[in-house]
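Asker: Make a model of this:
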Amino acid sequence: MADTIGSNIQYRVIDADGHGWEVPLRRWDDFLPEPYRPFREKVWQTVLDANGNVRQLFDGKLFMANQTGPVPDEDIVGRRRYSTSNVKVTKVLPGTINPAIGQERASTPRLRLEDMDQEGVDVAVLYPSMGLVFLATEDLELATVLCRAENDFMGDFATADPRRLRPAATLPLVKPTKECVGEAVRELTRAVTHRGCVAAMVPPSVRKTNLDDPIFFPLYEEAQRLGVPIGVHWSGGTHLPGIEDRLRPDQFFLGHSLGFPVENMIALGSVVCSGLPDKFPRLRWGFLESGIGWVYYWMERLDEHYEKTPEMVPDMKRWPREYMTSGLIYYSCDPDERSLPFAVEMLGADLIMYASDYPHWDGRFPDTVAPIRDNPALTPEQKRKILGDNALRFYALE
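Answerer: Modelled structure (predicted):
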């Protein structure tokens, strides 16, 4: 149990949403089939585009959309107006890592564990970084190969201390088709049984098909059978269809601010209004990296609509708030949210989980545990639940 600096109370701390950092990319060669090696040349390229920006090119799409210019991305890719030679780059994904951490610390298990010790984190659940980008492809074979490699990579990373590093499974959910869901089911089974994954990561929607679509039910059945939860996780700037479609590339600020909560609002609404917790009564759902402030607002708004028009949602057998506080749906919080005590009042303290977002640029390392641990508006019992006990239950950790 971590020693809580500055407090005479010790709390078990479980990071419900940390991230792996899959660099240097050359290490991926150990986990990819021969046709995809080496990774940088065959799959992922660092390029200098026609606007003079260092970008990442994957499956015909340029990433870091906030780094654009007068030449459109479509023209850069279609006419190959980029160079792959002598591209000097200091970051594999520019602008996505917290400079207080750096590439080496984020990608080296020993140093990652040192940073966890510094924060007072006992266990970190590792969601992908690169794997969030892989969902942008619609090539199922490519997605399957890369997700398998991602899970092997993260499983190998976690062997440095399997008690403290617990990976989540990246799944090739790139199309709302039976074939695609079948591949996702097979990979989830393999990742859990052979690589030690403790959750199934899914996007808030798959090509704008919401999570309540029956096409996804085999995946939910398998997750329920395996006893692992669904972690719903969006990512900005990854070409996933959604709120960013309405914004220009130079509006990354607005797209990133809106995308996480809005996409999760749609996803959570789909789960609740379709009565999915009734259909899969042992399956746990987690809505991650979107803060906690929107959840109680969304709960009250859904309740208001259910009060007036329950006939419009015949599959919803209970009030929205009953589903949302049933113990099957959990929510991660940002550690420094001023509304956290009010969220506890509205939702209870049993459903909210601490998350660091380490090592990403918008995380607050090395100061993510302290804002909750030292919050005078929270009781020691509430802190104990938020910092560790809820994530322990959500992920069914030993």
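
Asker: Domain map for this structure?
Answerer: 14-23+97-394, 37-91 (automatic domain parsing).

Asker: Serialize those to CSV and add fields for mean pLDDT and distance to Asp30.
Answerer: Quick note: C-beta positions are derived from backbone N, CA and C, even for glycine. Output for these, formatted as CSV (pLDDT from 0 to 100; distance: least, C-beta to C-beta, whole Å):
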stretch, mean pLDDT, distance to Asp30
domain 14-23+97-394, 96, 8
domain 37-91, 84, 9
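
Asker: Show me the one of the ones you listed that comes nearest Asp29.
Answerer: Distance to Asp29, taken as C-beta to C-beta, is lowest for domain 37-91 among the domains of the chain, at 4.8 Å.

Asker: what comes up buried for stretch 260-268?
Answerer: For stretch 260-268, burial by neighbour count (16 or more other C-beta atoms under 10 Å) applies to Phe260, Pro261, Val262, Glu263, Asn264, Met265, Ile266, Ala267, Leu268.

Asker: out of the residues you listed, who's nearest Glu119?
Answerer: Phe260 (22.0 Å).

Asker: winner for burial among the domains of the chain?
Answerer: Among the domains of the chain, the stretch with the highest mean neighbour count (mean count of other C-beta atoms under 10 Å) is domain 14-23+97-394, at a mean of 20.

Asker: picking that back up, how about the domains of the chain in TSV, adding distance to Asp29?
Answerer: Shown next, in TSV, are the domains of the chain (distance: least, C-beta to C-beta, whole Å):
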stretch	distance to Asp29
domain 14-23+97-394	9
domain 37-91	5
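
Asker: and of these, who's closest to Phe31?
Answerer: Closest of the domains of the chain to Phe31 is domain 14-23+97-394, at 4.0 Å (criterion: C-beta to C-beta).

Asker: What residues does Asp212 make contact with?
Answerer: Applying C-beta atoms under 8 Å, 6 or more residues apart in numbering to Asp212 gives the contacts Ser270, Val271, Cys273, Ser274, Leu276.

Asker: In the residues you listed, find the pair that's most separated.
Answerer: So, the contacts of Asp212 by C-beta to C-beta: farthest apart are Cys273 and Leu276, at 9.0 Å.

Asker: now the strands for the stretch 1-150 of the chain?
Answerer: 14-19, 44-49, 54-58, 61-63, 82-83, 123-127 (DSSP state E, counting those that start in this stretch).

Asker: Check the stretch 201-350 of the chain too.
Answerer: Under the criterion DSSP E, counting those that start in this stretch, the stretch 201-350 of the chain contains strands at 205-206, 209-210, 230-232, 285-287, 329-333.

Asker: Neighbouring strands of the fourth one in the sheet, and parallel or not?
Answerer: Pointing back at strand 285-287 there. If you go by DSSP bridges, strand 285-287 pairs up with strand 230-232 (parallel), strand 329-333 (parallel).

Asker: Residues touching it, excluding its own?
Answerer: 16, 199, 229-232, 264, 267-268, 271, 276-277, 295, 328-332, 353, 394.

Asker: from the middle of its chain, how far away would that strand be?
Answerer: Its chain's C-alpha centre and that of strand 285-287 lie 10 Å apart, by C-alpha atoms, centre = their mean, to the nearest Å.

Asker: The third one now?
Answerer: Strand 230-232 sits 8 Å away from the centroid of its parent chain (C-alpha atoms, centre = their mean).

Asker: The longest one now?
Answerer: Using C-alpha atoms, centre = their mean, we find the averaged C-alpha position of strand 329-333 to lie 12 Å away from the chain's own average C-alpha position.

Asker: neighbouring contacts of that strand?
Answerer: For strand 329-333, contacts defined as C-beta under 8 Å, 6+ apart pick out 16-17, 229, 268, 271-272, 277, 284-292, 295, 323, 340, 343, 347, 351-355, 372, 386, 390, 394.

Asker: run the last query once more with 7 Å
Answerer: Identification of contacts with strand 329-333 by C-beta atoms under 7 Å, 6 or more residues apart in numbering yields 16-17, 284-289, 291-292, 295, 323, 340, 351-355, 390, 394.
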